[in-house]
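Output the structure for:
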Amino acid sequence: MRVISPAQLVRELSGLPRPEPRVVASGNFATPQHLLTAAESSLERYRLFMLNAHDPLPERDEVIFETPFVGPGMRRAGTRLDYLPMRLSVVPQLFLRSRPPDVVFLHTSPVESGKVSLGIEVNVLPAAIEHARAIGALVVAQVNRHMPYTFGDGEIDIDLIDFAIEAEQPLVSPGASHRGDVGAGIAERVAALVSDGATLQTGIGAIPDATLAALRQRQGLAVWSEMISDGILQLERHGATDPARPLVASFLFGSPDLYRWVDHNPRLRMLRTETTNDPGMIARQPLMMSINTALQVDLFAQANANRVRGRIYSGFGGQTDFIVGAMHARNGNAVIALPSWHAKTDTSTIVDLLDGPATSFQHSALITEHGCAHIFGRSQRAQARLIIENIAHPDARGPLREAAVSFGLA
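So this is what the prediction gives:
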């Protein structure tokens, strides 16, 4: 790894061989902004591959966004967005099969004992680095003293990195989630299904966060999740987790307190996506409990978690990976939890039939503030009845019953 100046990096990037090179960069809340600035100064056209990317991002027509998980920074990109529908566990295969990187941008900790750490964002980056090394593509690091050093697959030997710039960038924290009475009620129903000794996976959002808060009195909990946030830190501090088992994740984001806690913390193991999201590995976890949310659920128990008014909003992410893994685990459960009514649009989130592609299905239970529908092993008709009577908003039940009759579900 050779430390260079930003101006030298601009010159190096100007020499990339292809007219439209692919830049793979750390995503979520680990965007290496100084490296993206260098790309903007040196590349007329390029393709930017990131997961759950946040602002600021380039907004000119010559930059094409590629992603299997659309973040807020890419949602307004229109035709500049090249959405790749796939489960997170198979995303690393893209670099080998069809979308090789020309340069990989990393956001890392300072060097320690010949290594840097990817810190809060491991995810698909180890696979991108490996393939870049195999084909002679560049690997560039933004070394930032604010990035915590986390242990696991994100520890990268500096010999694997071509160039680095040293640039400070405070880590961003997401806005606080607003749980409200409805979210708290849903969380209590989900928590009732979680026993002592369970292994947890929680998705992104107010309801998973509220569920973690409702689990602080449990004992012996473990974590095997693609992402973790402050809720896991609170479980740890309340003594709800098993000290004999490491907390496993692939990326994380949260408060500055969380970032301080994960720094050099031997309790946390940050592993690559191919491991955390492998359904076979997930299925081996004791009492695996997958807790996710959705935008809509229909009478066939299909969940939409990635489209709003027919347009892509996020992506499959790891939801399907963890649902499959949890349902194959011994005494495992996969729960979708959501409010029964969408306040902004004044519409039911329980619909007769999804009008777009499903994100996932075949869960063990669906939960709203009105109740729980235990649907695993039930017939289609029984599933539809439980969804209508147990979790739908009362104002939506009449039309849903009529739809069930028309579908032959009643």
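
Please enumerate the strands of the stretch 1-150 of the chain.
2-3, 22-25, 46-49, 63-67, 81-83, 103-108, 115-117, 138-143 (DSSP state E, counting those that start in this stretch).

Go through these and name the closest to Leu16.
strand 103-108 (6.4 Å; C-beta to C-beta). No exception for glycine: its C-beta is placed from N, CA and C like everyone else's.

Report all helices and strands that the closest one contacts.
Where contact means 3 or more C-beta pairs under 8 Å, 6 or more residues apart in numbering; DSSP states H and E, strand 103-108 is packed against strand 22-25, helix 33-42, strand 115-117, helix 125-135, strand 138-143.

Can you list the low-confidence ranges for the stretch 1-150 of the chain?
By pLDDT under 70, the stretch 1-150 of the chain has no low-scoring segment.

again, only using 90
In the predicted model, the stretch 1-150 of the chain carries pLDDT under 90 at residues 17-18.

From Gly408, how far off is Gly356?
22 Å (C-beta to C-beta, to the nearest Å).

Check His178 too.
40 Å.

The closest residue to Ile156 other than its chain neighbours: how many residues sit nearby?
Spatial nearest neighbour of Ile156, chain neighbours left out: Val116 (5.5 Å); criterion: C-beta to C-beta, 6 or more residues apart in numbering. Neighbour count for Val116, taken as other C-beta atoms under 10 Å: 26.

show me the contacts for Val116.
Met1, Leu106, Thr108, Ser109, Pro110, Ala141, Val143, Glu155, Ile156, Ile158, Ile161 (C-beta atoms under 8 Å, 6 or more residues apart in numbering).

before we move on, the earlier item: out of Gly356 and Gly408, which sits in the busier spot?
Between Gly356 and Gly408, counted using other C-beta under 10 Å, the more crowded position is Gly356 (14 against 9).

Contacts only, for that one.
Asn304, Arg307, Gly310.

Out of the residues you listed, list just those in strands.
Among the contacts of Gly356, the members found in strands (DSSP state E) are Asn304, Arg307.

Of the contacts of Gly356 - the most surrounded one?
Counting by other C-beta under 10 Å, top hit in the contacts of Gly356: Asn304 with 21 neighbours.

Who does Leu138 form a beta bridge with?
Val103 (DSSP bridges).

how is this structure carved up into domains?
Using automatic domain parsing, the domain parsing of the chain gives 2-166, 180-406.

can you put those domains in a markdown table and add distance to Val172?
Listed next are these as a markdown table, based on distance: least, C-beta to C-beta, whole Å:
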| stretch | distance to Val172 |
| --- | --- |
| domain 2-166 | 5 |
| domain 180-406 | 8 |
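
right, so of those domains, which gets closest to Ser173?
That would be, of the domains of the chain and by C-beta to C-beta, domain 180-406, which comes in at 5.3 Å.

Arg97: how many residues sit nearby?
With other C-beta under 10 Å as criterion, Arg97 counts 9.

could we number from 182 for the rest of this?
All right, first residue 182 from here; so that's Arg278.

And it, how far from His312?
The value you get for Arg278 to His312, if C-beta to C-beta is used, is 10 Å.

Once you drop chain neighbours, what's closest to Ala368?
Ala391 (3.6 Å).

pull the CA atoms of the helix or strand harbouring that neighbour into PDB?
Remark: Ala391 resides in helix 387-394, with elements defined by DSSP states H and E. The C-alpha trace of helix 387-394 is given here as PDB (Å, rounded to 0.1, in the frame of the first residue of the first chain):
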ATOM      1  CA  ALA A 387     -38.300   1.200  13.500                       C
ATOM      2  CA  ILE A 388     -40.100  -2.100  14.200                       C
ATOM      3  CA  PRO A 389     -36.900  -4.300  14.400                       C
ATOM      4  CA  ASP A 390     -35.400  -1.600  16.600                       C
ATOM      5  CA  ALA A 391     -38.400  -1.600  18.800                       C
ATOM      6  CA  THR A 392     -38.300  -5.400  19.000                       C
ATOM      7  CA  LEU A 393     -34.800  -5.400  20.300                       C
ATOM      8  CA  ALA A 394     -35.800  -2.900  23.000                       C
END
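
Can you show me the helices along this protein?
187-195, 214-223, 273-278, 306-316, 361-372, 387-394, 411-418, 437-443, 454-457, 460-464, 500-509, 561-567, 575-587 (DSSP state H).

what separates the residue nearest to Gly552 when sequence neighbours are not counted from Arg453, distance-wise?
Take Gly552 and drop its neighbours on the chain: the residue closest to it by C-beta to C-beta, 6+ apart is Asn571, 4.1 Å away. Distance of Asn571 to Arg453, computed by C-beta to C-beta: 39 Å.

Check His419 too.
Taking C-beta to C-beta, one finds His419 at 29 Å from Arg453.

do the same with Pro580
Counting by C-beta to C-beta - Pro580 and Arg453 are separated by 46 Å.

can you check Ser195 too?
As judged by C-beta to C-beta, Ser195 and Arg453 stand 31 Å apart.

which one among the contacts of Val297 gets closest to Phe497?
Looking across those and measuring by C-beta to C-beta, the closest to Phe497 is Leu287, at 24.6 Å.

List the residues that contact the residue lying closest to the closest one once chain neighbours are set aside.
When the adjacent residues along the chain are set aside, Leu287 lies closest to Ala322, with 4.5 Å between them (C-beta to C-beta, 6+ apart). Residues in contact with Ala322 (C-beta under 8 Å, 6+ apart) are Met182, Pro213, Phe286, Leu287, His288, Thr289, Val297, Ile342, Phe344, Ala345, Ile346.

Glu417 now?
Leu428, Arg448.

ok, so what distance separates it from Ile301?
Relative to Ile301, Glu417 is positioned 17 Å away (C-beta to C-beta).

Could you do Val375 as well?
26 Å.
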